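Asks: Fold the following.
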Amino acid sequence: MENSIENNLNKFFDQITENVKKERKARNISQLALSNILDHKSCDYVAKIELRKDGANYNLNHLYIIAEEFCISIHKLIPDNQKLSI
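Replies: Reported below is the predicted structural model:
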């Protein structure tokens, strides 16, 4: 059971990362520009998240800021957990 939840959490964070990356690229926004939007000075921050290195993930604050900046619903960034467990 615990392993299943962990696997689903990884899928969940992977999908969030992919959704943000897709929206970022659709707007021709660089990793550096997104890092600056999130109040970080280096593109390494977003690069680390996009690679899911060392368990790096966007948090809810990040997702809210990204959704506001991109003029989209935060729901476009957060996957349906019921669809991930299939």
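
Asks: Please, where are all the strands along the chain?
Replies: Counting by DSSP state E, one finds no strands in the chain.

Asks: all helices of it, in order?
Replies: Here the chain has its helices, by DSSP state H, at 2-26, 31-37, 44-50, 60-70, 81-84.

Asks: a markdown table please, covering those helices and showing mean neighbour count and mean pLDDT.
Replies: To be clear about C-beta, it is placed using only N, CA and C from the backbone, and glycine gets the same treatment. Below are those laid out as a markdown table (neighbours: other C-beta atoms under 10 Å; pLDDT from 0 to 100):
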| stretch | mean neighbour count | mean pLDDT |
| --- | --- | --- |
| helix 2-26 | 14 | 92 |
| helix 31-37 | 18 | 97 |
| helix 44-50 | 19 | 95 |
| helix 60-70 | 16 | 98 |
| helix 81-84 | 11 | 73 |
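
Asks: Distance check, the residue nearest to the spatial centre of the chain against residue 24.
Replies: Central residue of the chain (C-alpha atoms, centre = their mean): residue 17, 3.2 Å from the mean position. Using C-beta to C-beta, to the nearest Å, residue 17 is found at 10 Å from residue 24.

Asks: now swap in residue 74 and tell me
Replies: 15 Å.

Asks: Now do the contacts for the nearest residue in space to residue 66 that is not next to it in sequence.
Replies: Nearest residue to residue 66 in three dimensions, chain neighbours excluded: residue 20, at 6.0 Å (C-beta to C-beta, 6 or more residues apart in numbering). Contacts for residue 20 were tallied using C-beta atoms under 8 Å, 6 or more residues apart in numbering; they are 34, 58, 63, 66, 77.

Asks: got those residues as JSON lines, with distance to residue 45 columns?
Replies: Below are the contacts of residue 20 laid out as JSON lines (distance: C-beta to C-beta, whole Å):
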{"residue": "34", "distance to residue 45": "9"}
{"residue": "58", "distance to residue 45": "10"}
{"residue": "63", "distance to residue 45": "15"}
{"residue": "66", "distance to residue 45": "13"}
{"residue": "77", "distance to residue 45": "17"}
